[in-house]
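Visitor: Build me a structure from this.
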Amino acid sequence: MKNLLIILVILVVVCIGVWYFALKGPATNTNLHNVGSVSTTTFVLSTTTAPSMEQKTVTIDIKNFAFAPSSVTVAAGTKVIWVNDDSASHTVTSTSGNTLNSSLLSKGQSYAVTLDAPGTYNYYCKIHPMMKGTIIVQ
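Guide: Sure, this is the predicted structure:
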């Protein structure tokens, strides 16, 4: 009876995994940017769950006068890259402290920082203060 229960649990887990990946499709990154010689590998399980612990790089797009996504949760040690896709220049600037302090980013330029310390990092664009974002490091 115990063996039958174990086999049943394994089958349920496998079926859920197959169903999940059939709905979500293969994990692909269709949002590629030219950021010089930066090589990234991103594992995303779902847009509604926290990133997996293997995730080491996250890209935030700057477009339409907004940071996209505007809020992201990452593991400590994750490299975060902002890429300006807008025709206007922008900055990535901490609301307190100076952890995030990019220079002026023109279209196509990027800014990267590795966040090792857990906490909440709020930031904005100095030129367009209505542009705001948050990174939560766990």
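
Visitor: how about low-confidence regions in the chain?
Guide: Across the chain, the ranges flagged by pLDDT under 70 are 1-55.

Visitor: For it, which segments are assigned as helices?
Guide: Under the criterion DSSP state H, the chain carries helices at the ranges 2-24.

Visitor: Which stretches in it count as strands?
Guide: According to DSSP state E, the chain carries its strands in the segments 57-63, 66-68, 71-74, 78-84, 93-94, 110-115, 119-124, 132-137.

Visitor: just checking, which of those sits deepest inside the structure?
Guide: With neighbours defined as mean count of other CB atoms under 10 Å, those peak in mean count at strand 78-84, which reaches a mean of 21. Backbone N, C-alpha and C define where each C-beta goes, glycine included.

Visitor: Including distance to N101, could the strands of the chain go into TSV?
Guide: Putting those into TSV (distance: least, CB to CB, whole Å) gives the following:
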stretch	distance to N101
strand 57-63	15
strand 66-68	15
strand 71-74	18
strand 78-84	12
strand 93-94	6
strand 110-115	9
strand 119-124	9
strand 132-137	14
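
Visitor: So which of those strands is nearest S102?
Guide: Nearest of the strands of the chain to S102, taken as CB to CB: strand 110-115 at 3.8 Å.

Visitor: from what I can see A76 touches V137, true?
Guide: Yes - the pair A76 and V137 qualifies as a contact (CB atoms under 8 Å) at a distance of 5.4 Å.
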